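*Asks:* Here's my sequence, what's the structure:
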Amino acid sequence: MVGVIICTHGNSAPELLKSAEMICGKQENCHTVSFTEGESLEQLKAEISGKISDLKGTVFCLTDLKGGTPFNTLVSLLKSNPEIEIITGVNIPMLLELFINRSQLETEELLSATLEAGKTGVYHYQDIDSGTADEEF
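*Replies:* Prediction:
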């Protein structure tokens, strides 16, 4: 089973995990890391490194923001941890896809499905007055 680390600014990582677990159940082989105000880069790097070493095999590391400190820290750890896959823009649809399929799909297929779920999970609903909307939810 692919390991998962959710690493974000503030407390959104554990809250995203809690929300996803409400829908698809308690997750094993999964950790969260919260980058908090005043935390040093060395502290963040050490915490992430510890979580990566706790998980065996491929580890999907999901962050909130490309170019942000959690993302940049993971990129700096990539050379010494080639088993990690870094995905940015974490959202609930992405997590659900990953959690539901991580023990069934191969890494590349799971990566593709996770990215697609994250993209299609962003949607702008427009109410149509005419009542002829063909879209189902």
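*Asks:* what's next to stretch 118-130, contact-wise?
*Replies:* Stretch 118-130 is contacted by residues Ile87, Gly89, Val90, Asn91, Ile92, Pro93, Met94, Glu97 when judged by Cβ atoms under 8 Å, 6 or more residues apart in numbering. C-betas here are computed from N, CA, C, even on glycine.
*Asks:* Can you say which of those are buried?
*Replies:* Ile87, Gly89, Val90, Asn91, Pro93, Met94, Glu97 (16 or more other Cβ atoms under 10 Å).
*Asks:* how about CSV for these, with distance to Asn72 and secondary structure added?
*Replies:* Listed next are these as CSV, based on distance: Cβ to Cβ, whole Å; DSSP: H, G, I helix; E, B strand; the rest coil:
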residue, distance to Asn72, secondary structure
Ile87, 14, strand
Gly89, 15, coil
Val90, 15, coil
Asn91, 20, coil
Pro93, 25, helix
Met94, 20, helix
Glu97, 25, helix
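*Asks:* between the residues you listed, which is closest to Thr69?
*Replies:* For those, the closest approach to Thr69 (Cβ to Cβ) belongs to Val90, at 14.6 Å.
*Asks:* Thought Ile6 was touching the closest one, still the case?
*Replies:* Yes - Val90 is in contact with Ile6 according to Cβ atoms under 8 Å; the separation is 6.1 Å.
*Asks:* Give me the common contacts of those two.
*Replies:* By Cβ under 8 Å, 6+ apart, the residues touching both Val90 and Ile6 are Leu16, Leu62, Thr63.
*Asks:* Mind checking which of these are in strands?
*Replies:* Judged by DSSP state E, strands contain the following of the shared contacts of Val90 and Ile6: Leu62, Thr63.
*Asks:* want to throw the buried ones among the contacts of stretch 118-130 into JSON lines with pLDDT and distance to Gln104?
*Replies:* Formatted as JSON lines, the buried ones among the contacts of stretch 118-130 follow (pLDDT from 0 to 100; distance: Cβ to Cβ, whole Å):
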{"residue": "Ile87", "pLDDT": "98", "distance to Gln104": "18"}
{"residue": "Gly89", "pLDDT": "97", "distance to Gln104": "23"}
{"residue": "Val90", "pLDDT": "98", "distance to Gln104": "21"}
{"residue": "Asn91", "pLDDT": "98", "distance to Gln104": "21"}
{"residue": "Pro93", "pLDDT": "98", "distance to Gln104": "18"}
{"residue": "Met94", "pLDDT": "98", "distance to Gln104": "16"}
{"residue": "Glu97", "pLDDT": "98", "distance to Gln104": "11"}
